[in-house]
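Novice: I would like to see how this sequence folds:
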Amino acid sequence: AADKINLIPQDFFAELCEQIIQHLNRKIPGVNTAELCQRIQTSGIEITVGDLAKIANVVSFLFSTAARNNLSTEELVTTLGNAVSTLPKHAVQVIRHVWNEQGKSISVSEDATNMATVGQFVDIKWKLGVAMSSDTCRSLKYPYVTVTLKVADPSGQITDKSFEMTIPQFKNFFRQFKEMAAVLETV
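Specialist: Predicted structure coming up:
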């Protein structure tokens, strides 16, 4: 990941680190690597979402381990210098700055660590469509609902999950949500 960090301009790397700290503090559900990657690519840097996600995982592991071990800024930088000689200087400077400013705010608890094994809902989008025809059928007029869920996985990476439902499937889906809402009202 160190060679890929070299590709990322300092301001984008700083933004990534800030988002990771916010995620570790549970202020945001995850790091939107797809959106950040698109902005980096727009600036002329060639990097994939997968590479950026790997970098985010490494930095997230670094910050969470430093928080668990209650490291000071200097201890973190010294540990980085000893362990990772190939880390670019600008990355070490950003990590030092972000950790110095916000590192102590990371709360590490056993409950939070145990809870982080499932994803977290971020957003939902839906649209109603009608399939008019296909290569095997001239007149379908078949309605369907497309749902896109934005989910942050346990590591904080935000991904979109899309699926289509027939109208009867959607009605069942809706009924189950109403049941969940009714149960939540009793809590």
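
Novice: average pLDDT across the helix or strand harbouring E179?
Specialist: Using DSSP states H and E, E179 falls within helix 167-186. The pLDDT scores in helix 167-186 average 88.

Novice: please shift the residue numbers so they start at 78 in all later answers.
Specialist: Sure thing, new numbering starts at 78, so read that last one as helix 244-263.

Novice: buried sites along that helix?
Specialist: Within helix 244-263, the residues that count as buried by 16 or more other CB atoms under 10 Å are F247. (Each C-beta comes from the backbone N, C-alpha and C, glycine too.)

Novice: which other helices and strands does that helix contact?
Specialist: strand 219-229 (3 or more CB pairs under 8 Å, 6 or more residues apart in numbering; DSSP states H and E).

Novice: run the angle between the strand it packs on and helix 244-263 for me.
Specialist: Orientation check (axes from the mean of the first three to the mean of the last three CA atoms, to 10 degrees): strand 219-229 against helix 244-263 gives 40 degrees.

Novice: domain parsing for the chain?
Specialist: Domain assignment of the chain by the TED database yields the ranges 78-185, 194-262.

Novice: report the central residue of the protein.
Specialist: Central residue of the chain (CA atoms, centre = their mean): Q234, 2.3 Å from the mean position.

Novice: that residue against E112, yeah?
Specialist: No: using CB atoms under 8 Å, Q234 is not in contact with E112, being 11.5 Å away.

Novice: and the helix or strand Q179 falls within, which residues are buried?
Specialist: Applying DSSP H and E as the criterion places Q179 in helix 166-179. Across helix 166-179, burial judged by 16+ other CB under 10 Å covers 167-169, 171-173, 175-176, 179.

Novice: now stretch 84-100
Specialist: For stretch 84-100, by 16+ other CB under 10 Å, it's 84-85, 89-100.

Novice: could you redo those as CSV and give each row secondary structure?
Specialist: Below are those laid out as CSV (DSSP: H, G, I helix; E, B strand; the rest coil):
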residue, secondary structure
L84, coil
I85, coil
F89, helix
F90, helix
A91, helix
E92, helix
L93, helix
C94, helix
E95, helix
Q96, helix
I97, helix
I98, helix
Q99, helix
H100, helix
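
Novice: quick one: furthest residue from the center of the protein?
Specialist: Largest separation from the mean C-alpha position in the chain: R215, at 42.3 Å (CA atoms, centre = their mean).

Novice: tell me if that residue really is in a helix.
Specialist: No: according to three-state DSSP, R215 belongs to no helix; its state is coil.

Novice: coming back round to it: packing partners for the helix holding Q179?
Specialist: helix 87-101, helix 126-145, helix 150-160.
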